[in-house]
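Student: here is the input, now give the coordinates:
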Amino acid sequence: MWNIHEMRICIEWEERLILINGYPILIRVFYSPDHGPDKIVFQNGAFIMRQPQQQVQLSGCRPIYTRQMDEIMLPFRRLQLSVSEFATFKAALFFNPDALDLSNQAKPDVYEERNKYLSALFTCITNKLGMAAGVQKYGSLLMMTASIQVMFSRVINAFFRSILFESSKVIFAIMEALQLIKTFAE
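Tutor: Predicted coordinates:
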């Protein structure tokens, strides 16, 4: 019976973990130096290429890397987000009143908190760019949220699939990624 209780807790926390574990993806692509549209570069110099290299074969990861480049890195570069805009956007993503396991009593509070960050983001952008260009940038950023959350979910799902079905190389690579997440959380 204890394993059913543990599984229920894992399911309840899954949505929160998807977002928390997805934050390093946002950070990695935001702070990646611009080496073109086909390369994500980590702060330590390691990198991910769009096309697989012969010496690095991580089955199942390639589609996720390509989506990170196409759906997060390139739009962030086009939008030319400042650090304050990026930080405010991350905070707004964190407060999700539509989270499945959120109690009805907590939803209004989470909704209000998210609105504070969204208002701050709007003000920050429009003060810098003016109303017309600011509204365009703000809208473009908000349109990215659904694909970002889907990507977070796919990264976590790929992790669990690799633990169950993939080779030890994938597990090692993902464990390294989780170490990055732990480092970020500290």
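
Student: could you point out which element follows the worst-scoring helix or strand of the chain on mean pLDDT?
Tutor: Least confident element among the helices and strands of the chain, by mean pLDDT, DSSP states H and E: helix 2-30 (a mean of 52). Sequence order places strand 39-41 as the next helix or strand after helix 2-30, per DSSP states H and E.

Student: and that next one, what other elements does it pack with?
Tutor: strand 47-49 (3 or more CB pairs under 8 Å, 6 or more residues apart in numbering; DSSP states H and E). The way it works is simple: take the backbone N, C-alpha and C, and place the C-beta from them, glycine included.

Student: residue ranges of the helices in the protein, please?
Tutor: Using DSSP state H, the helices of the chain run over residues 2-30, 62-68, 74-79, 83-94, 107-129, 131-143, 145-165, 168-185.

Student: could you tell me the least trusted of these?
Tutor: The minimum mean pLDDT among the helices of the chain belongs to helix 2-30 (a mean of 52).

Student: contacts for stretch 72-88, please.
Tutor: Contacting residues not belonging to stretch 72-88 are listed as 25-26, 29-30, 32, 34, 37, 40, 89, 117, 120-121, 124-125, 128, 137, 140-141, 144, 147-148, 151 [CB atoms under 8 Å, 6 or more residues apart in numbering].

Student: separation between the closest residue to Phe122 other than its chain neighbours and Thr126?
Tutor: Nearest non-adjacent residue to Phe122, counting by CB to CB, 6 or more residues apart in numbering: Tyr138, 5.3 Å away. For Tyr138, the distance to Thr126 (CB to CB, to the nearest Å) stands at 7 Å.

Student: quick one: which of these two has more around it?
Tutor: The residue with more neighbours, out of Tyr138 and Thr126, is Tyr138; 21 against 16, by other CB atoms under 10 Å.

Student: distance of that one relative to Met131?
Tutor: Applying CB to CB, the value for Tyr138 to Met131 is 10 Å.

Student: repeat for Ala106
Tutor: Counting by CB to CB, the separation of Ala106 from Met131 is 34 Å.

Student: tell me the contacts of the closest residue to Thr88 other than its chain neighbours?
Tutor: Excluding the flanking residues, the one nearest Thr88 by CB to CB, 6+ apart is Leu121, at 4.4 Å. By CB under 8 Å, 6+ apart, the contact list for Leu121 reads 85, 88-89, 92, 138, 141.

Student: so Glu113 touches Asn96, yeah?
Tutor: No - Glu113 lies out of contact with Asn96 (CB atoms under 8 Å); the separation is 10.2 Å.

Student: give me the more crowded residue out of the two.
Tutor: Asn96 (18 against 15).

Student: does the more buried one touch Val110 like I think?
Tutor: Yes - using CB under 8 Å, Asn96 makes contact with Val110 at a distance of 7.0 Å.

Student: residues shared between the contacts of the two?
Tutor: Common contact partners of Asn96 and Val110 (CB under 8 Å, 6+ apart): Leu102.
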